[in-house]
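# Predicted model, plus sequence, below.
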Amino acid sequence: MTTTNHKSLKNRRIFSGIITCLAVALAYAPIPGLNQKIIVVSGTELAEPLRQLETQFEQKYPNINLELKFQGSQDIVNNYIDKKNDFNPTVLIPANGKLLDELNQRWQTQNNTQAFYKQPKAIAKTFLVGIAWPERGKILFPNGKFDWQKLETAMAAGNWQKIGGKQQWGSFDFVTTDPTRSNSGQVTMNLWALSKGNKNFNTPAVESLFSTVKRSVYLPPRSTDILLQEFITRGPNDADVATVYESIALYRWQQSGASQNKPYQIYYLNPTVETVATAAIVRQNVNGATANAADKFVEFLIQPEQQKVFVQYGFRPTQGNIDLLSVTNSPWNQNIPGAQVNPQISTLSAPQPSVLGEIQRLWQRVQ
């Protein structure tokens with residue numbers, strides 16, 4: 001073989017090797033023309049686990065780019081229906097699946113079509129709970145049980161000294177979210193009204209309750225996680241008792257201990273509402289390919305390994321029969337005061353869309 005032929009054969013082999021490497025690389029690399037972008041709008045209570053899962057999902061599906069947005073759960077519905085977003089959502093995950101029922105009803109009324117591609121899927125669940133700084137909780141709930149009537153009495157009294165607390169504690173400050181914007185505020189007012197033994201919101205007792213709470217809660221936060229962060233920052237004397245989700249109460253408990261000398265205590269409401277974060281793929285401005293990409297994301301969230309991530313952030317799983325105590329870094333293993341794996345409480349279904357509407361109207365109407 002001549003030197004020229006030998007060089008030619010060698011060059012062909014090198015060129016063939018390069019082509020093979022490029023082919024392999026292209027097989028696994030994202031193809032620009034096939035990339036999909038999905039925008040997920042979620043309640044703020046899911047912000048921390050979703051940010052962690054975003055990275056894992058994009059590693060598994062490099063052709064799908066996730067963009068996360070966070071709003072109060074009622075805002076998710078209103079902003080979508082009223083087209084107030086400056087982006088086109090693909091997946092909506094409010095804290096409460098009943099809010100998706102409300103959205104679908106309103107959408108069908110306006111458009112005479114279904115709002116979603118598929119039946120929405122439950123992603124994670126939690127309870128509404130009460131929290132209080134320990135010293136104050138012992139005064140307000142001496143038997144260790146949350147009590148709506150004692151809370152209302154304290155709000156009517158206006159300061160701690162009148163209900164057996166210390167004079168230097170000053171005013172009594174209860175905190176909840178805005179019921180016109182947030183699911184936890186809606187559930188709070190629903191349970192509080194039900195504690196009076198009447199499902200009818202158009203009664204003097206319920207209207208008086210709403211008025212008392214509205215006057216007492218100055219500038220209620222738009223979402224639950226924002227509320228809890230403010231509760232921790234403000235501390236005793238500016239925020240004494242609040243209603244939040246068990247999930248974020250567990251997740252941010254250590255933060256409250258670092259910010260204040262003593263972390264807060266958790267109180268289970270009885271009855272309470274089990275609120276189920278539920279994901280729906282919307283139809284408006286979402287084509288079939290994007291919907292398929294979104295479906296991969298929703299299915300990803302309900303797999304056992306991802307459900308364990310939600311547990312680490314204080315949520316209870318909706319899939320897989322996962323033992324809460326067996327999960328690495330489970331908050332139920334951290335001796336958080338009041339936290340229980342199986343609290344002996346009764347749970348009610350989340351309020352129906354008609355009830356949610358009544359709560360919002362009454363809150364807006366009362367002075």
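Perfect, I can see it now. These numbers were taken from a predicted model, which means no experiment stands behind them.
# Strand partners (parallel or antiparallel) of the helix or strand hosting Asn65?
In this assignment (DSSP states H and E), Asn65 forms part of strand 64-71. Each strand that pairs with strand 64-71, with its direction, by DSSP bridges: strand 36-43 (parallel).
# so after the partner strand, what's the next helix or strand?
Note on strand 36-43: by DSSP H and E, the next helix or strand toward the C-terminus is helix 47-60.
# Gln74 touches Thr180, doesn't it?
Yes. Gln74 lies in contact with Thr180 (CB atoms under 8 Å); the separation is 6.4 Å. Using the backbone N, CA and C atoms, a C-beta is placed for each residue, glycine as well.
# so what sits against both of the two?
Residues touching both Gln74 and Thr180 comprise Gln360, with contact defined as CB atoms under 8 Å, 6 or more residues apart in numbering.
# hey, where'd the helices end up in the stretch 1-150 of the chain?
Counting by DSSP state H, counting those that start in this stretch, the segments of the stretch 1-150 of the chain that form helices are 3-28, 47-60, 73-81, 97-111, 134-140, 148-157.
# got the CA coordinates for the shortest one in CSV?
Translated: helix 134-140. Output in CSV follows, covering the C-alpha atoms of helix 134-140 (Å, rounded to 0.1, in the frame of the first residue of the first chain):
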residue,chain,number,x,y,z
PRO,A,134,-45.8,28.8,72.7
GLU,A,135,-46.3,31.1,75.7
ARG,A,136,-49.3,32.7,74.1
GLY,A,137,-50.8,29.4,72.9
LYS,A,138,-50.9,28.2,76.5
ILE,A,139,-53.0,31.2,77.5
LEU,A,140,-55.4,31.1,74.5
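# ok, residues contacting it?
Residues external to helix 134-140 that are found in contact with it (CB under 8 Å, 6+ apart): 132, 147, 150-151, 154, 160, 163-165, 169, 236, 240-241, 262, 264-265, 267, 337.
# from the residues you listed, which would you call buried?
Judged by neighbour count, with 16 or more other CB atoms under 10 Å as the criterion, the buried members of the contacts of helix 134-140 are 132, 147, 150-151, 154, 160, 163, 165, 169, 236, 240-241, 264-265, 267.
# and which of the residues you listed is nearest Leu362?
Closest approach to Leu362 among the buried ones among the contacts of helix 134-140 (CB to CB): Leu151, at 18.5 Å.
# OK, contacts around that closest one?
Contacts here follow CB under 8 Å, 6+ apart; on that basis Leu151 touches Leu140, Phe174, Val241.
# Distance to Gln36 and pLDDT added to the residues you listed, as CSV?
As requested, these are arranged in CSV below (distance: CB to CB, whole Å; pLDDT from 0 to 100):
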residue, distance to Gln36, pLDDT
Leu140, 51, 97
Phe174, 45, 96
Val241, 45, 97
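# Among those, which one sits closest to Gln284?
Taking those together and measuring to Gln284 by CB to CB, the closest member is Phe174, at 38.4 Å.
# pLDDT averaged over the strand holding Asn65, what's the number?
The average pLDDT within strand 64-71 is 97.
# Tell me how many other residues surround the residue nearest to Thr177 when sequence neighbours are not counted.
Computed as CB to CB, 6 or more residues apart in numbering, the closest residue to Thr177 that is not its neighbour in sequence is Gly185, at 3.7 Å. A total of 29 residues lie near Gly185 under the criterion other CB atoms under 10 Å.
# Need the CA coordinates for stretch 36-50. PDB is fine.
Once non-C-alpha atoms are left out, stretch 36-50 reads as follows in PDB (Å, rounded to 0.1, in the frame of the first residue of the first chain):
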ATOM      1  CA  GLN A  36     -41.100  22.500  24.400                       C
ATOM      2  CA  LYS A  37     -41.600  25.300  27.000                       C
ATOM      3  CA  ILE A  38     -44.300  24.800  29.600                       C
ATOM      4  CA  ILE A  39     -45.300  27.500  32.100                       C
ATOM      5  CA  VAL A  40     -46.500  26.200  35.500                       C
ATOM      6  CA  VAL A  41     -48.600  28.400  37.700                       C
ATOM      7  CA  SER A  42     -48.800  27.200  41.300                       C
ATOM      8  CA  GLY A  43     -49.800  28.300  44.700                       C
ATOM      9  CA  THR A  44     -46.900  29.600  46.800                       C
ATOM     10  CA  GLU A  45     -47.100  26.800  49.200                       C
ATOM     11  CA  LEU A  46     -45.600  24.500  46.600                       C
ATOM     12  CA  ALA A  47     -42.800  26.900  45.600                       C
ATOM     13  CA  GLU A  48     -39.900  25.100  47.400                       C
ATOM     14  CA  PRO A  49     -40.600  21.500  46.300                       C
ATOM     15  CA  LEU A  50     -41.400  22.600  42.800                       C
END
